[in-house]
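Asks: Here is the input, now give the coordinates:
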Amino acid sequence: MWKWLHPYAKAETAYNLCYRLLPYFSWLAAITLIAGSIWGLLYAPSDYQQGDSFRIIYFHVPTAIWSMGAYTSMAICGLIGIVWQIKNAELAVYAMAPVGAAFTFLALVTGAVWGKPMWGAWWVWDARLTSELILLFLYLGVIALYNSFEDKRTAARAASILAIVGVVNVPIIHYSVEWWNTLHQGASITKFDKPSISPDMLWPLLLNIAGFLFIFAAIVCLRLANQILINDARRPWVKALVEQSSTESTSSVKGKHNAV
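Replies: Down below sits the predicted model:
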């Protein structure tokens, strides 16, 4: 069932896959974010209650969604790394952590900016906000744990265990507005039978949600490729890659010199 994972246990294969996917994710992120942001900020109708202040939704909701999605992905990679002993999956945990932490921080900041005119306060100890803050601390804990060990294999395994344990916070964030009496509004777009948001507002939001996903994927591909290079710095395939890059750079310089 999991045989499709086996080729990507090889560092060189995973590295090449990251750089094949990187330009696609980058272009998709640029196209969807530009289209969604322009549509949402300039052309979507104003909310009948919140006016134009609601437009921060086009950044708050995507970052909040993928703050949870990134952590769930970390937990899955951590589980794969520990159970199937795939080192690249453990490296992916650390590659995702700073990106997920940035998304979580942005979700908290944009939520505070949105909450000030709605609630009259920048911060309240609401169940959704508090559990999202805990998520940020979990991300920082994974990053700190990875950097606290000299042996990076041990560090990656410890970080993976924390990611797996901490994933229990994700459903708490998602269902907090249903389990407790909170100020935070309920779901608007996950009610697929009848989303409680106008289609004119919904479509640019969906574009930005996709855009932030592609940003996440692009940055993780770049970070994972770099982590693989650092981890395998002494391997023959990395030395061959460096020599090839040096040869191409030298040829390029000579070509420019001859042209001049």
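
Asks: Going by neighbour count, which residues in the helix or strand containing Ser160 are buried?
Replies: Assigned by DSSP states H and E, Ser160 belongs to helix 152-166. Judged by neighbour count (16 or more other Cβ atoms under 10 Å), helix 152-166 contains these buried residues: 152, 155-164, 166. Using the backbone N, CA and C atoms, a C-beta is placed for each residue, glycine as well.

Asks: Can you list the residue ranges for helices in the stretch 151-260 of the chain?
Replies: 152-166, 169-179, 199-231, 236-259 (DSSP state H, counting those that start in this stretch).

Asks: Leu22 is nearest to which of those?
Replies: Shortest separation from Leu22 across the helices of the stretch 151-260 of the chain is recorded for helix 199-231, at 4.7 Å, computed as Cβ to Cβ.

Asks: which stretches of the stretch 151-260 of the chain have low pLDDT?
Replies: For the stretch 151-260 of the chain, the stretches with pLDDT under 70 are 179-196, 248-260.

Asks: who touches the most centrally placed residue in the chain in this structure?
Replies: By Cα atoms, centre = their mean, the chain has its centre lying nearest to Phe216, at 3.9 Å. Phe216 makes contact with 66, 69-70, 96, 99-100, 103, according to Cβ atoms under 8 Å, 6 or more residues apart in numbering.

Asks: I'd like to know which of those residues is nearest to Ala144.
Replies: Gly100 (14.1 Å).

Asks: Leu21 and Ala121: what is the separation?
Replies: Per Cβ to Cβ, to the nearest Å, Leu21 is found 42 Å from Ala121.

Asks: which of those two has more neighbours?
Replies: Leu21 (15 against 11; other Cβ atoms under 10 Å).

Asks: Skip the chain neighbours and tell me the closest residue to the more buried one.
Replies: Leaving out its chain neighbours, the residue that sits closest to Leu21 by Cβ to Cβ, 6 or more residues apart in numbering is Cys221, at 5.4 Å.

Asks: roughly how far apart are Phe59 and Asn231?
Replies: Counting by Cβ to Cβ, the gap from Phe59 to Asn231 is 34 Å.

Asks: Name the residue in the two with the higher neighbour count.
Replies: Between Phe59 and Asn231, counted using other Cβ under 10 Å, Phe59 has the larger neighbour count: 23 against 18.

Asks: thought that one was touching Thr110?
Replies: Yes - under the criterion of Cβ atoms under 8 Å, Phe59 makes contact with Thr110 at 5.3 Å.

Asks: Just the ones in helices from the contacts of Phe216, please.
Replies: 66, 69-70, 96, 99-100, 103 (DSSP state H).

Asks: Name the nearest of those relative to Ala210.
Replies: Trp66 (10.3 Å).

Asks: how close does the closest one get to His60?
Replies: Distance, Trp66 to His60, using Cβ to Cβ: 11 Å.

Asks: How about Gly141?
Replies: Distance from Gly141 to His60, by Cβ to Cβ: 24 Å.

Asks: Over to Ile230?
Replies: In terms of Cβ to Cβ, Ile230 sits 34 Å off from His60.

Asks: Output the contacts of Phe216 in TSV, with distance to Leu207 and neighbour count appended to each entry.
Replies: Formatted as TSV, these follow (distance: Cβ to Cβ, whole Å; neighbours: other Cβ atoms under 10 Å):
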residue	distance to Leu207	neighbour count
Trp66	14	24
Gly69	17	19
Ala70	19	26
Met96	23	26
Val99	20	23
Gly100	21	27
Phe103	17	26
